[in-house]
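Undergrad: Next comes the sequence, and after it the predicted model I'd like to discuss.
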Amino acid sequence: AGRIGEDGRYGVVYLDAQGFYAGVRAGMQQETESRGASPQLLELNAQGDASKESTFVDQVSAAQMDALILSPASETASVPAIELAHESGIPVVCYNTCIEEAAAERFVSAYVLGDPQEFGAMLGAQVARHFRSEGNLEPSIGVVNCEFVEVCIHRREGFERALEADLPGARIVANQQGATIDEAVDVADRILTAHPDLDAFFAQAGGATMGAVRAVQARGRVGQTVVFGGDMSTEAANELVAGDVLKGVVDISGITVGRLAAEAAEQVRSGRNDGYTIVPAPIELFDGPERGQEWLETHPDGLP
Amino acid sequence: MAGDAAGSESAVVVDGVTKHYGAVQALTDAHLRVAPGEVRALLGRNGAGKSTLIRVLSGVERADAGTVTVAGRELGSGGVRAAGELGVSTVHQELSLVTGFSVAENLYLGNWPRRGAAIDHAAMRRGAAEVLDRLGLDIDPDRPVGDLSLALRQLVEISRAVRENPTLLILDEPTSALAAAEVDVVLSAVGRIARAGVAVLYVSHRLEEIRRIADTATVMRDGRIVETVDVDKADTSAVVALMTGERTGPSVQRPAARAVDRTGTPLLSVRGLAVPPKVVDVSFDVHPGEILGLGGLMGSGRTELLRAIAGFDPARGGTVTIDGTPVAAPTPAAMKQLGVGMTPEDRKHEGLVPLMGVDENIVLSAYGAVRSGPTIRPGLVRRAATALISRLSIATASPDTPIVNLSGGNQQKAVIARWLHAGSRILLLDEPTRGVDVAAKAEIYRVVRELADEGNAIVFVSGELEELPLVCDRVVVLRDGRAADELSGPDLTTESLLSAAMAA
Amino acid sequence: MTVTDSAPRSRADAVRHRLGGRSLNEIGLLAAIVLLYVVLGSSAAGFLSLDNQLGMLRDAATIGIAAWGVTLVIIAGEIDISVGPAVAFASVLVAKGAAEWGLGVAPAILMTLLAGLGWGALAGWLRARFDVPSFIATLGVWSALGGLGLYLTDALPVVLPESGLMTVLGGTILGIPTPAIVMIVLFAVFAYVARYTAYGRSVYAVGGNPAAARMAGIDLARIRVLLFATTGLLAALTGILLAARLGSGNGGAAAGLEFDVIAAVVIGGTALAGGRGTMLGTLLGVAVITVIGNGLVLLGVDSFLQNVIRGVIIVVAVLVNVIITRRARATRES
Amino acid sequence: MTVTDSAPRSRADAVRHRLGGRSLNEIGLLAAIVLLYVVLGSSAAGFLSLDNQLGMLRDAATIGIAAWGVTLVIIAGEIDISVGPAVAFASVLVAKGAAEWGLGVAPAILMTLLAGLGWGALAGWLRARFDVPSFIATLGVWSALGGLGLYLTDALPVVLPESGLMTVLGGTILGIPTPAIVMIVLFAVFAYVARYTAYGRSVYAVGGNPAAARMAGIDLARIRVLLFATTGLLAALTGILLAARLGSGNGGAAAGLEFDVIAAVVIGGTALAGGRGTMLGTLLGVAVITVIGNGLVLLGVDSFLQNVIRGVIIVVAVLVNVIITRRARATRES
Ligand SMILES: Nc1ncnc2c1ncn2[C@@H]1O[C@H](COP(=O)(O)OP(=O)(O)OP(=O)(O)O)[C@@H](O)[C@H]1O
Ligand SMILES: Nc1ncnc2c1ncn2[C@@H]1O[C@H](COP(=O)(O)OP(=O)(O)OP(=O)(O)O)[C@@H](O)[C@H]1O
Ligand SMILES: [Mg+2]
Ligand SMILES: [Mg+2]
């Protein structure tokens, strides 16, 4: 019996404990299996901690992976680790997040990118569309953030730009951290207290989205306050179908990203890739009951 | 100054020292002088302020007012170290050794000899060995103190004090946990030190011991110094009267022999009990109304014996029979049910729940009696406690006074009361008078006798052989883990006990 | 004799003991809470609104329910740091039970509560039987359950099936959040148990002096196992209520809750050294933590800064109550 | 008489004590490590590779450096749970100092070390002067520094300027990771201090019997302040090394490190009750934790599942060593 990991190994880093990354894993497995390969996945859930990530990358570099597929915890802090991997001759594939352009071009082979700015922008646009149709040109918006990771900051920037462009009257009246759903539901609840006439929540990630929805429902503000969020999940889809609170979810399918990442990794390994290529990952907007229903049908196991 | 025992100029002068803890005025305007080479006994009831005075002298506590002068130099605010430099060294009432350390390390605790940055272990071991055999103790300096019996630990503490070549040596109840043999070792050591010109301040509740060692005795009461007497001239009851502040001290005479009916079934019957390594094979009976004493040297295993009977330690062999019914495997719960109650020898650490009131400490052993349904009724607690408090005449301000505020003797009575509350008829009292003042001892003897008269069976352990004849109807002497001797009636005397305990 | 000399002193002590030690601290906390209400009421919009007050009650329940159990644990001289992950795992367990393993809601709840009882008892047994320090035993549970909750779910929320029972648990009864009601009922129960039952008093005795408690024939092992089993049960209950509220079980939920709980208990005047503490104190501690948390958010304070403030407050609160208590009690044990 | 009679039994004990208690546990740990190496070496590809071994050394340093200090803290009967956030905050501080406040690298490092000394001493002072339980004092630091590190940086990494010094600190010397070298040097220092200096022995004395230590004239306050100042300093140092390695300071780094550190110490046989423990034991504890962590990754174990396993291992390790030690020390004090 050979030792574990002798027939191919990918090092995989998930940014934090979100369902999205379960989808990524599924996608990668589907892809590799479709190729009939069964490489071992060495996984780390960095929980947004650059030091955990760096420790892990050191290790996989030492253990000679076929590829390192990661969503770096930070544009800057992750550079040394990735550089090390690169120098140990391990192809690096970013997904979801990556290190800063300059460094990426030197050390990273491919970047499966669902641009967070774009991500935010699509939500911003959806918000604008919604309130214009409502005839409310000056909605007050509360943000439930996950801004201890950079992606979320970028999502907000994109969101704000789009809003600035399409609905200048909109005001962001609160921005509090609520990454996990339980944290988010408390925070959203208190934001509602501080701003009883709040028109909408902008939730930056999955936990925040459902937290905001639950808070609105618990406060009996269904119909007055709506929620726009990120990251699909069975829960979110259900709410979209219900359609009374959740008015739009922007999502980058983890499964798709996983597929693309594994593909890219394979290409790099087989030398069919030279230099830094950006693989765009489709960013989808789910803006109503139909789309919600559709998602439920296409994702029976709930993996986003 | 060695050899000058005249006391021309004093080794230590205490002048107007006052100390209080929170609400407690522990020491009021104390004056005291001790001459070099003089052995001064410090007497007083529990809580009189002896240890407080000592803690001030040794720099552990700062006095609120007053000065302490040692060998002409005043003891400032420098704490223990300063006092040490002035030549004060102390054996405190509370064991103060680090059990994880070797004997040598303990002897130099806190001021280890150094070579450069490092501790000079060689020098330390040499010094330790030298001190130990100066006191005629054969203890391996490298042995962890945790392996020593309390007796040996006490001797190690004394060695530590002596090691510092003090001008003033303070001993706070150094013998309270010791029995005759070790007491002799301590006393002869102290004598030798005094003869070398060291002033000694010696606290003890054992007056006969004082007579053997002390030249003069200072009596304290309620934080004040009452009088200093010449030990040879003062007679015991007078001293006790000074301590208690009552005209006539309590009688500590041997009472008339009590009539015990030893025909019926014994309440407690022990057969061939073995608790290795100390207890090999012990058998005895105790009948209702009887007070059985257990004598023996320190370490003869009486504590282990009692703990086994009460079910705290598993016995390796033998049987315990309660009121005719043998107990298969004694557990604390089972023995409690059968009416066996044991009071521990280490009152402070195994007896009291310090934060609780006297009442709660008493009902601790049996909440069933103060409940209605599942609910504990404070009313019932109070009533039960008050009843026992008056029955054993426990001196406390109110039933819910924190038990730590009671004097030693009254704490002990409260611990005994705990088992009366649980309805125990068989009381195993381990060193019930350890660290308790003379008057309180008399009190405890009285209580014990009354309890016996009420038909309870009592096992009374004491390392203080002198007191066994005062309380017990019969004494079984343990030696080498066996019930070596049994003494009763006229031939039950301190001397006979001692020879029985020591016999080879 | 001694009666006379000890009487005046001890009575004084006794009074101080009761008035001083205990309640002085509780009075202080009450004052603090009033002050907070005044300040926040005037500075933070909507703080005094009924909705917000009810919301606070709901949040309080998340800390409070577990805090009742942890109070007893700490009074007994032990510690339990496993609450947070235990709550998260319980929420996962109940959701999986009801949704995926198709047990139905009520049985799933029952199973979860039993499981909580189980892992608590396990920790207690390690402590009681093998003298594994409770900090370590519960650290083990902390790490294991935290991992398990996420592992079983891939960090995905497990959606609860619609069910009347869950809606009630997550919702309100007569306008009052159900968790708050549960918390208050349990408070009454625990306050009673701590003060008026043999078990409660034994817990104090064990914390005050284990050796003495043992010599008095109290069964330490039984009590210790019970203590941790109780906190396990309460954590499970909290997890169920959380799941009901969120409509799903979440392996990553309630992160750091254990520290809020412990903070509430010690702020309430319970001594980590054991032997001292009251349920009322903990109740006030929970209130303080909740009000401050709520206020900081309403004031829009940066959520990172909130941790800084919380840290300072914990230390200050304990500092104050240590000093008060020390003042009030001057006996040998102090 | 007693002096001689109890001697033989006790001398036997003494031997068992030295052989048994202490080192039996250390032998056990060594055996465990060897076993791990055999198993992992044969089952996990690349485990034995030089790179991986060096990588483990580097990882060990992150836990180890702080662990030396925490060992002394725990021997003294205290606890310090502030390590993780302290490390993160230090990494932020040094980066900000060097990059934004333009102090230059060396001064920034110095400032950070001093700051670490500072917050450690503060916690120690609260413990020593006001009897604030060290768990609370360090919990306060934990919460405050954790928040501060993220607040000052908005959770964004603070990039370090290029500098030779930092490159060395983050890199290797003669192929050996610098942090590992620092760890080993400090181990020697602390092992010496603990065994052979008055300070070290005083720490044991304070942990073993505070009252005795006090009566022997040992300055408890001084020692307690020093203890926590030391861990503060070591945490700061770890933070600096971490920043050097990441090329930036991160407020969110080293989350949960405090538990790994404490786990390593207690696995190493140091008793939370105080008075007992060795640096060697901690060294082995660090090794065990590091090797297991590394192995689990190479075996491709799910990273959530790893927490479960870690939890189990901590408890089992302590369990074993509690049992061993209890066996070996059948004296009363145990
Ligand atoms: N640390 C303390 N805190 C509060 N009160 C104390 C403290 N130590 C002693 N006391 C009180 O001060 C008084 C004197 O105590 P002290 O220990 O000096 O008496 P003692 O003469 O040594 O009694 P004993 O013979 O029992 O040793 C007592 O009332 C005691 O309760
Ligand atoms: N480490 C210790 N801590 C506290 N008390 C101790 C310790 N070791 C011994 N003792 C107590 O000190 C006394 C002397 O110890 P030792 O074991 O030699 O005697 P023992 O077994 O108790 O027999 P006896 O009760 O007849 O003296 C004992 O009563 C014991 O309970
Ligand atoms: Mg005294
Ligand atoms: Mg004894």
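TA: Perfect, thanks for sending it. Ligands and ions are numbered 1, 2, ... in the order given.
Undergrad: For the strand or helix carrying residue B:460, which helices and strands make contact with it?
TA: Assigned by DSSP states H and E, residue B:460 belongs to strand B:457-461. If contacts are counted by 3 or more CB pairs under 8 Å, 6 or more residues apart in numbering or on different chains; DSSP states H and E, strand B:457-461 sits against strand B:279-286, strand B:291-295, helix B:302-309, strand B:426-430, helix B:438-453. C-betas here are computed from N, CA, C, even on glycine.
Undergrad: Surely residue B:259 is in a strand?
TA: No. Using DSSP: H, G, I helix; E, B strand; the rest coil, the assignment for residue B:259 is coil, not a strand.
Undergrad: What is the neighbour count of it?
TA: The number of residues packed near residue B:259 is 7, by other CB atoms under 10 Å in any protein chain shown.
Undergrad: which residues touch it?
TA: Under the criterion of CB atoms under 8 Å, 6 or more residues apart in numbering or on different chains, residue B:259 has no neighbours.
Undergrad: who wins for proximity to chain C among the helices and strands packed on strand B:457-461?
TA: Smallest distance to chain C across the helices and strands packed on strand B:457-461 (CB to the nearest CB): 7.0 Å, for helix B:438-453.
Undergrad: and that closest one with strand B:457-461, angle?
TA: 150 degrees (axes from the mean of the first three to the mean of the last three CA atoms, to 10 degrees).
Undergrad: what residues does the stretch 51-200 of chain A put near chain C?
TA: Applying CB under 8 Å from any CB of the partner chain, we find that the stretch 51-200 of chain A lies next to chain C at A:174, A:176-177, A:180-183, A:185-187, A:189-196.
Undergrad: picking up where we left off before, I'd like the distance from the strand holding residue B:460 to the chain centre, please.
TA: What separates the centre of strand B:457-461 from the centre of its chain is 17 Å, taken as CA atoms, centre = their mean, to the nearest Å.
Undergrad: again, but for stretch B:221-239
TA: So, by CA atoms, centre = their mean, the centroid of stretch B:221-239 is 21 Å from its chain's centroid.
Undergrad: so does that stretch get close to ligand 3?
TA: No. Contact between stretch B:221-239 and ligand 3, assessed by CB under 5 Å from the ion, is absent, since the two come no nearer than 12.3 Å.
Undergrad: buried ones in that stretch?
TA: If you call a residue buried by 16 or more other CB atoms under 10 Å in any protein chain shown, then stretch B:221-239 has these buried ones: B:221, B:222, B:223, B:224, B:225, B:226, B:228, B:229, B:231, B:234, B:239.
Undergrad: Show only the entries of those residues found in helices.
TA: residue B:239 (DSSP state H).
Undergrad: any idea how far the residue of the stretch 101-250 of chain A found nearest ligand 2 lies from ligand 3?
TA: Here the stretch 101-250 of chain A gets closest to ligand 2 at one residue, residue A:182, 49.6 Å apart by CB to the nearest ligand atom. Distance, residue A:182 to ligand 3, using CB to the ion, to the nearest Å: 56 Å.
Undergrad: about what we covered before: can you tell if the strand holding residue B:460 touches ligand 4?
TA: No. With CB under 5 Å from the ion as the criterion, ligand 4 is not reached by strand B:457-461; the gap is at least 6.5 Å.
Undergrad: That strand pairs with which strands?
TA: Here strand B:457-461 has these sheet partners by DSSP bridges: strand B:291-295 (parallel), strand B:426-430 (parallel).
Undergrad: Using CSV, write down the CA coordinates of the first one.
TA: Just to be clear, that refers to strand B:291-295. Extracted as CSV, the C-alpha positions of strand B:291-295 are listed here (Å, rounded to 0.1, in the frame of the first residue of the first chain):
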residue,chain,number,x,y,z
ILE,B,291,-14.6,6.7,75.8
LEU,B,292,-11.8,4.7,74.2
GLY,B,293,-8.4,6.4,73.8
LEU,B,294,-6.0,5.6,71.1
GLY,B,295,-2.4,6.2,72.1
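Undergrad: Next, the angle strand B:279-286 makes with that strand.
TA: Using the same axes, to 10 degrees: strand B:291-295 against strand B:279-286 is 160 degrees.
Undergrad: Contacts for strand B:291-295 next, please.
TA: B:258, B:284, B:286, B:302, B:305-306, B:448-449, B:452, B:457-462, B:465, B:468, B:471-478, B:487, B:497, B:500-501.
Undergrad: So chain B: which segments form each domain?
TA: Chain B breaks down by automatic domain parsing into domains covering B:7-244, B:266-339+B:425-504, B:353-423.
Undergrad: okay, the helices and strands packed on strand B:457-461 in JSON lines with distance to ligand 4 next?
TA: Formatted as JSON lines, the helices and strands packed on strand B:457-461 follow (distance: least, CB to the ion, whole Å):
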{"stretch": "strand B:279-286", "distance to ligand 4": "12"}
{"stretch": "strand B:291-295", "distance to ligand 4": "9"}
{"stretch": "helix B:302-309", "distance to ligand 4": "3"}
{"stretch": "strand B:426-430", "distance to ligand 4": "6"}
{"stretch": "helix B:438-453", "distance to ligand 4": "17"}
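Undergrad: what's the closest of the ones you listed to residue B:366?
TA: Proximity to residue B:366 (CB to CB) singles out strand B:426-430 among the helices and strands packed on strand B:457-461, at 14.4 Å.
Undergrad: thinking again about what came up before, can I get the strands paired with strand B:457-461 in CSV including mean pLDDT?
TA: Output for the strands paired with strand B:457-461, formatted as CSV (pLDDT from 0 to 100):
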stretch, mean pLDDT
strand B:291-295, 93
strand B:426-430, 95
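Undergrad: Among those, which comes closest to ligand 1?
TA: Nearest of the strands paired with strand B:457-461 (CB to the nearest ligand atom): strand B:426-430, 18.2 Å.
Undergrad: quick one: which of the domains of chain B is nearest ligand 1?
TA: Closest among the domains of chain B, using CB to the nearest ligand atom: domain B:7-244, at 3.1 Å.
Undergrad: average pLDDT for that closest one?
TA: The pLDDT scores in domain B:7-244 average 88.
Undergrad: how about that domain, does it get close to ligand 4?
TA: No. Domain B:7-244 stays clear of ligand 4 (CB under 5 Å from the ion), getting no nearer than 7.8 Å.
Undergrad: so which of the helices and strands packed on strand B:457-461 gets nearest ligand 3?
TA: If you check each of the helices and strands packed on strand B:457-461 against ligand 3 by CB to the ion, helix B:438-453 wins as the nearest, at 12.9 Å.
Undergrad: Tell me where the stretch 201-334 of chain C is predicted with low confidence.
TA: Within the stretch 201-334 of chain C, the set of residues satisfying pLDDT under 70 comprises C:327-334.
Undergrad: ok, which stretches of it are helices?
TA: For the stretch 201-334 of chain C, the helices defined by DSSP state H, counting those that start in this stretch occupy C:210-215, C:220-246, C:257-267, C:279-298, C:303-328.
Undergrad: Which elements pack onto the third one?
TA: Helices and strands in packing contact with helix C:257-267 are listed as helix C:50-75, helix C:83-99, helix C:279-298, helix C:303-328, helix D:134-153; criterion 3+ CB pairs under 8 Å, 6+ apart.
Undergrad: okay, those helices in a markdown table with mean neighbour count next?
TA: Formatted as a markdown table, these follow (neighbours: other CB atoms under 10 Å in any protein chain shown):
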| stretch | mean neighbour count |
| --- | --- |
| helix C:50-75 | 25 |
| helix C:83-99 | 29 |
| helix C:279-298 | 24 |
| helix C:303-328 | 20 |
| helix D:134-153 | 25 |
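Undergrad: Closest residue of the stretch 201-304 of chain A to ligand 1?
TA: When scored by CB to the nearest ligand atom, the stretch 201-304 of chain A has residue A:211 as its residue closest to ligand 1, at 53.2 Å.
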